[in-house]
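Colleague: coordinates for the following, if possible.
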Amino acid sequence: MTDLPRIVGMVHLPPLPGAPGFDGDREAIRRRVRTDATRLADGGVDGVIVENFGDAPFHPDDVPRHVVASMTRLTTLVRRTVDCPVGVNVLRNDATAAVAVAAAAGADVVRVNVHTGARVTDQGVIEGRAHETLRLRDRLNADVSILADTGVKHSASLGDGMERGTADRRPSGDDVDDLVERGRADGVIVSGPRTGEAAARDRLESVADRCADHDVPLFVGSGVTPDTVADLLEVADGVIVGTALKRGGETTAPVETERVRALVDAAEE
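Modeller: Got it, this is the predicted structure:
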């Protein structure tokens, strides 16, 4: 497997063809993707993840073929634009599509929001399909690492409901065990309850301890800022950053190179 990067920036795709927000301009999407990827690389990130963030409302699991086609083309564009590891996340939880896109585009990593178990989300109940994802990776002979979320944001365990901020405040040791031992994930991601919100410190430390037991890397997947990145990297092996790198701190805004450099500098200090 590819060595996993330490600071990962997000290339949030605008609405793709077929999504409600698509404006009909495919070339504008390609320009935006190339620009965001270039700015992330120029700012000093160690890797990037391509994600169809603009496609809300998301398909729960199996996305249509045209989404796979668009993401393969755009991930290939990013792969040719930056000289660092590239990842893929197909929202909401199409892990087999992510592996297929990564294999075709020559990407290195996929993120899987629900890899094992089941979660209540705004798309309904989503079940992990680790058995399919791992077998497809083997069939495609794809050198692709799998980063799996524990208690992914915008979701709750089946017994918790979806009240804002309440999901998975408890330690997630058993979940990590299942992700690594039974789901064979190559790394674990912990995030806060919603996009841009930090994970609770006790939960982060609990997951970090269990990841250390299994000797797998831990990534923080939300709420990372220049003010918090150094502290987080004392606990985790890497961070995945989107919102803090965007103009005005808006998740859907373009990436700003200065914001990327500020976060990278803070991490290095």
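Colleague: thought Val235 was touching Asp202?
Modeller: No: at 11.2 Å, Val235 does not count as touching Asp202 under the criterion of Cβ atoms under 8 Å. In this view, the C-beta of every residue, glycine as well, is placed from N, C-alpha and C.
Colleague: between the two, who's got more neighbours?
Modeller: Neighbours were counted for Val235 and for Asp202 using other Cβ atoms under 10 Å; Val235 has more, 16 against 11.
Colleague: quick one, grab the pLDDT at that one.
Modeller: The model reports Val235 with a pLDDT of 95.
Colleague: for it, what are its contacts?
Modeller: Going by Cβ atoms under 8 Å, 6 or more residues apart in numbering, Val235 touches 204-205, 208, 218, 220.
Colleague: over to it: give its phi and psi.
Modeller: Phi and psi for Val235, reported as degrees, to the nearest 10, are phi -100, psi -40.
Colleague: any idea how far it lies from Leu77?
Modeller: 34 Å (Cβ to Cβ, to the nearest Å).
Colleague: show me the helices in the stretch 101-250 of the chain, by range?
Modeller: 130-140, 173-177, 201-214, 229-232 (DSSP state H, counting those that start in this stretch).
Colleague: by contact count, what packs against the last one?
Modeller: This means helix 229-232. The contact analysis (3 or more Cβ pairs under 8 Å, 6 or more residues apart in numbering; DSSP states H and E) places helix 229-232 against strand 238-241, helix 257-268.
Colleague: let's have these in JSON lines, adding distance to Asp143 and mean pLDDT.
Modeller: Shown next, in JSON lines, are the helices and strands packed on helix 229-232 (distance: least, Cβ to Cβ, whole Å; pLDDT from 0 to 100):
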{"stretch": "strand 238-241", "distance to Asp143": "19", "mean pLDDT": "97"}
{"stretch": "helix 257-268", "distance to Asp143": "27", "mean pLDDT": "97"}
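Colleague: most packed of these?
Modeller: When those are scored by mean count of other Cβ atoms under 10 Å, the highest mean neighbour count falls to strand 238-241 (a mean of 26).
Colleague: pairing partners for that strand, with directions?
Modeller: If you go by DSSP bridges, strand 238-241 pairs up with strand 7-12 (parallel), strand 218-220 (parallel).
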